[in-house]
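1. Please work out how this folds:
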Amino acid sequence: MRYVILDTNFLYIPKQFNVDIFDEIDRLLLSYKLFIFDKTIDEIDDKTTLRLVEHKIENKSINVLKTDISYIDNAIVDFVKAHNNEYDIVIATQDQELKKRLLDYRVSFIVLRGKNHLELQE
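-> Presented below is the predicted three-dimensional model:
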């Protein structure tokens, strides 16, 4: 079972590029659980994106992780540091700085490619 953590910028892909990130993750991974941090919801400033995320949370498609850390990238890095030996973690992000911060840890990434599909980088 893979644990996919969705970064805030990744949640804007459906509106920006008309790519269904949830169908694409289904295509890429056989068995997974989706997660976001509670502070991620606070960062979403687009009503369409917020409604989509809230709908996925209500339907239990996305699990919410609680954190006291207000900067999401730090919350993601801390989660990876604490759990990378415990879970098979995949970070869904477009943030190059976050990816650099996580290079020393055993994580995979899901990224947008060609503005029309997602790619798993292992």
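2. in which helix or strand would I find the residue nearest to Asn9 when sequence neighbours are not counted?
-> Spatial nearest neighbour of Asn9, chain neighbours left out: Gln94 (4.9 Å); criterion: Cβ to Cβ, 6 or more residues apart in numbering. Yep, even glycine has a C-beta here, placed from its N, CA and C like the rest. For Gln94, there is no enclosing helix or strand under DSSP states H and E.
3. go on, the one 5 residues further on?
-> Following DSSP H and E, the helix or strand that holds Lys99 is helix 96-101.
4. what comes up buried for that helix?
-> 98-99 (16 or more other Cβ atoms under 10 Å).
5. tell me the mean pLDDT for that helix?
-> The pLDDT scores in helix 96-101 average 96.
6. Past that helix, which element shows up next along the chain?
-> strand 108-113.
7. circling back: isn't the residue nearest to Asn9 right up against Phe10?
-> Yes: Gln94 sits in contact with Phe10 when judged by Cβ atoms under 8 Å, with a separation of 6.1 Å.
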